[in-house]
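J.: Below are the sequence and a predicted model; questions follow.
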Amino acid sequence: MSTNEKSVIVTVTDEAIPRIQRVADDLSSRGLKVDRVMPMTGVISGSLSAELSDLHGIDGVMSVEEELSADLPPADNDLQ
């Protein structure tokens, strides 16, 4: 993933779960580099260089959020 790309989590509507792969294809056509499609949970993950708002309005998309991460210090660090 390049430095200007964001990790993105997309949640699809319950109605769209049976066609989640088609939703992933639509997201891809709007610039999402799809990493995983998880039909059991209705989640699609990937990375995006464009704005998150570019993915809104796609049929079947309930929410689009930037995936946040946290780094923990090593186990032998005094903060532990």
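T.: Looks like it came in fine.

J.: Quick check: beta-bridge partners of the closest residue to E66 other than its chain neighbours?
T.: Closest residue to E66 apart from its sequence neighbours, by C-beta to C-beta, 6 or more residues apart in numbering: K6 at 5.0 Å. Heads up, the C-betas are built off the backbone N, CA and C, glycines and all. Assessed by DSSP bridges, K6 has beta-bridge partners L48.

J.: what residues are up against S47?
T.: Applying C-beta atoms under 8 Å, 6 or more residues apart in numbering to S47 gives the contacts 1, 5-8, 32-33, 35.

J.: Highest neighbour count among the residues you listed?
T.: Counting neighbours by other C-beta atoms under 10 Å, the top entry in the contacts of S47 is L32, with 25 neighbours.

J.: Let me know the pLDDT of the residue most central in space within the chain.
T.: In the chain, the centroid-proximal residue (C-alpha atoms, centre = their mean) is I9; its distance is 2.3 Å. Predicted confidence (pLDDT) for I9: 96.

J.: I'd like the numbering to begin with 52 instead of 1 from here.
T.: With the count now opening at 52, the last piece we talked about shows up as I60.
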